[in-house]
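Peer 1: task: produce atomic coordinates for the following.
(2 chains)
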Amino acid sequence: SQQGEEDPQALSIQEGENATMNCSYKTSINNLQWYRQNSGRGLVHLILIRSNEREKHSGRLRVTLDTSKKSSSLLITASRAADTASYFCATSRAPPYNTDKLIFGTGTRLQVFP
Amino acid sequence: GAVVSQHPSWVICKSGTSVKIECRSLDFQATTMFWYRQFPKQSLMLMATSNEGSKATYEQGVEKDKFLINHASLTLSTLTVTSAHPEDSSFYICSARGIATGAYEQYFGPGTRLTVT
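Peer 2: Below you'll find the model as predicted:
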């Protein structure tokens, strides 16, 4: 299976704490993306990091990418109850494969308690 | 910007009937649309990719005669589940990508929950 894996599967923290989620994948990639999904809803794009980038920031989000270990992490700082959701990483394989296709990880369910 | 809608939000149908799900890009032209299905507490699995005006490309194991995809315009794609059976019950999500939305990011609709009785 090409599907990536994320850990932890589930994470519960208090508001104000940081949340770290990890994603591992199996093939060479063109880019890696993180998405958030609220229960029973569609996905919201959070951040994209290209294969030649090592770190990227967006607001309270920090993403790192280690292509040698085929892994990425998503850090949410100063978490809020509204951050409660499932978080998925998704990889786009490197050419000659179809870079359009996203392969989603198994997801991390984050719960932030007020 | 980059809003994608789906209709209906949920549908219950009887076994053997067909169901059509619409996916629309509301404020951009979607050159490519993607259809996924998601089982409870699981990840998204890509079913097919469609480019406007051409036939959809189905993933391995997805029956093209059962899941009919049409992408007739730059703002609309439809997925028709033909002769639905209870095992087709799932959460179906579309996503779209266009020239104006970036090379790789996909923008997702809110999903359609299908229950086949």
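Peer 1: mind showing which ranges of the chain have poor pLDDT?
Peer 2: All of this refers to chain A. Scanning chain A for pLDDT under 70 picks out A:1-3.
Peer 1: you answered for a different chain; I wanted chain B.
Peer 2: B:101.
Peer 1: just checking, A:A78 touches A:N18?
Peer 2: Yes. Under the criterion of C-beta atoms under 8 Å, A:A78 makes contact with A:N18 at 7.2 Å. C-beta coordinates here come from the backbone N, C-alpha and C atoms, glycine included.
Peer 1: for A:K69, what are phi and psi?
Peer 2: Per-residue torsions, A:K69: phi -100, psi 0 (degrees, to the nearest 10).
Peer 1: in chain B, which residue sits closest to chain A?
Peer 2: Residue nearest to chain A within chain B (C-beta to the nearest C-beta): B:F108, separated by 3.9 Å.
Peer 1: and that residue, bridged to which residues?
Peer 2: Per DSSP bridges, the residues bridged to B:F108 are B:S95.
Peer 1: my read is that it contacts A:L46, right?
Peer 2: No. Look at B:F108 against A:L46 with C-beta under 8 Å: they stay out of range, at 11.8 Å.
Peer 1: who touches both of the two?
Peer 2: A:Y35 (C-beta atoms under 8 Å, 6 or more residues apart in numbering or on different chains).
Peer 1: looking at these two, which is more packed in?
Peer 2: B:F108 (23 against 19; other C-beta atoms under 10 Å in any protein chain shown).
Peer 1: ok, now which ones touch B:A2?
Peer 2: By C-beta under 8 Å, 6+ apart, the residues touching B:A2 are B:25, B:27-28, B:101, B:107.
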